[in-house]
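Trainee: here's a sequence, model it:
(4 chains)
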2 protein chains.
Amino acid sequence: MKAGRQSLAELLERNGVRATRRRLDVLEELAKERDDVTAQKLWGRLRERDTGAGLATVYRTLALLSEKGLVDVLSHHGGEQCYRLCGDEHHHHLLCERCHRVVEIQECGLDDWVSAAAKRHGFVATDHRVEIVGLCADCR
Amino acid sequence: MKAGRQSLAELLERNGVRATRRRLDVLEELAKERDDVTAQKLWGRLRERDTGAGLATVYRTLALLSEKGLVDVLSHHGGEQCYRLCGDEHHHHLLCERCHRVVEIQECGLDDWVSAAAKRHGFVATDHRVEIVGLCADCR
DNA sequence: GTGACAACGATAACGGTTCTCAGTCGCATC
DNA sequence: GATGCGACTGAGAACCGTTATCGTTGTCAC
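Mentor: Numbering: from 1, shown residues only, chains lettered A, B, ... in the order given. As a prediction, the model looks like this:
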């Protein structure tokens, strides 16, 4: 998880994004977060570190990263969006209702269930999202 | 689906909510919607009908109804919340990416999968949400 | 070094939602 | 029906997360 600045830069380049200093700052800060963060919080952290990153840049960078599929955007706080660095394969989320910890579930295996459920209502499924809410090992 | 005002009033009372004129207006308008609506749109409809409902009341009523589990709150439009009158049993949503139609899936049957997935990461699942995105019969 | 263009920071603008407060309604009681 | 009281409501201001604007700065090819 302690991805060096170099490898983060490569990650960006690989996705056709210019690896500027600001983008690396944002990405690096994001990589430090175990859970999801709001744009505002992330900006706060960057200010603490005396990174002169502007709020607009944080939003721009997050939008760019999510467009490239490098970050997940979750909106369970009602209105406020949360961002999280994620793997780029299909996955779901497990989230702790007490401490708000977020864990990725890589194994899906729901494709059959999904397409069957969709078919039953005349739909053709193209994607699906699953969110499991519960208590993590530390909180239960 | 054409629930009469009387039965809507009973629905409210049954949930410990006073059935005022305004709340019935909102609920009635919500019952007419096939899909999910934003609070703003709903307010617009109510104004067209010359119902003098204020925007604040629409928000208050929607918050109340969602708290009582009578409406689902979906937030897939990024920031803007969508409301939808729903059955009060556990269910999931199927949504059309073209026309934004929303259909409830009553049959879940994922409980085993959910608790297994949660257990694998040390979690205990208390709830889960599934959203299937695809194309409905009319759009595909 | 120079030019072209992408990225950036500060801040204003925007838009959905919530708060405030004075007025009104619903209902129990007489 | 009149009265009283607390819950509810409407109008609009305030709030706050996000996006747009614009002048400046950084990046890269030449």
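Trainee: are the helix or strand hosting A:Ala56 and chain B in contact anywhere?
Mentor: Per DSSP states H and E: A:Ala56 is located in helix A:55-67. No - applying C-beta under 8 Å from any C-beta of the partner chain, one finds helix A:55-67 out of contact with chain B, separated by at least 10.3 Å. (Glycine included, C-beta is placed from N, CA and C.)
Trainee: for that helix, buried residues please.
Mentor: Residues of helix A:55-67 classed as buried: A:Thr57, A:Val58, A:Tyr59, A:Thr61, A:Leu62, A:Leu64, A:Leu65, A:Ser66 (neighbour count, 16 or more other C-beta atoms under 10 Å in any protein chain shown).
Trainee: ok, stretch A:47-57 next?
Mentor: Buried-residue list, stretch A:47-57, by 16+ other C-beta under 10 Å: A:Thr51, A:Ala53, A:Thr57.
Trainee: what do you get for stretch A:98-117?
Mentor: For stretch A:98-117, the neighbour count (16+ other C-beta under 10 Å) marks A:Arg101, A:Val102, A:Val103, A:Ile105, A:Cys108, A:Leu110, A:Trp113, A:Val114, A:Ser115, A:Ala117 as buried.
Trainee: stretch A:15-31 now?
Mentor: By neighbour count on 16+ other C-beta under 10 Å, the buried set for stretch A:15-31 is A:Val17, A:Ala19, A:Arg22, A:Arg23, A:Leu24, A:Asp25, A:Val26, A:Leu27, A:Glu28, A:Glu29, A:Leu30, A:Ala31.
Trainee: okay, the residues you listed in JSON lines with distance to A:Gly122, pLDDT and secondary structure next?
Mentor: What follows is those, written out as JSON lines (distance: C-beta to C-beta, whole Å; pLDDT from 0 to 100; DSSP: H, G, I helix; E, B strand; the rest coil):
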{"residue": "A:Val17", "distance to A:Gly122": "39", "pLDDT": "93", "secondary structure": "coil"}
{"residue": "A:Ala19", "distance to A:Gly122": "46", "pLDDT": "95", "secondary structure": "coil"}
{"residue": "A:Arg22", "distance to A:Gly122": "47", "pLDDT": "96", "secondary structure": "helix"}
{"residue": "A:Arg23", "distance to A:Gly122": "44", "pLDDT": "96", "secondary structure": "helix"}
{"residue": "A:Leu24", "distance to A:Gly122": "47", "pLDDT": "96", "secondary structure": "helix"}
{"residue": "A:Asp25", "distance to A:Gly122": "48", "pLDDT": "96", "secondary structure": "helix"}
{"residue": "A:Val26", "distance to A:Gly122": "43", "pLDDT": "96", "secondary structure": "helix"}
{"residue": "A:Leu27", "distance to A:Gly122": "42", "pLDDT": "96", "secondary structure": "helix"}
{"residue": "A:Glu28", "distance to A:Gly122": "47", "pLDDT": "95", "secondary structure": "helix"}
{"residue": "A:Glu29", "distance to A:Gly122": "45", "pLDDT": "95", "secondary structure": "helix"}
{"residue": "A:Leu30", "distance to A:Gly122": "40", "pLDDT": "95", "secondary structure": "helix"}
{"residue": "A:Ala31", "distance to A:Gly122": "43", "pLDDT": "94", "secondary structure": "helix"}
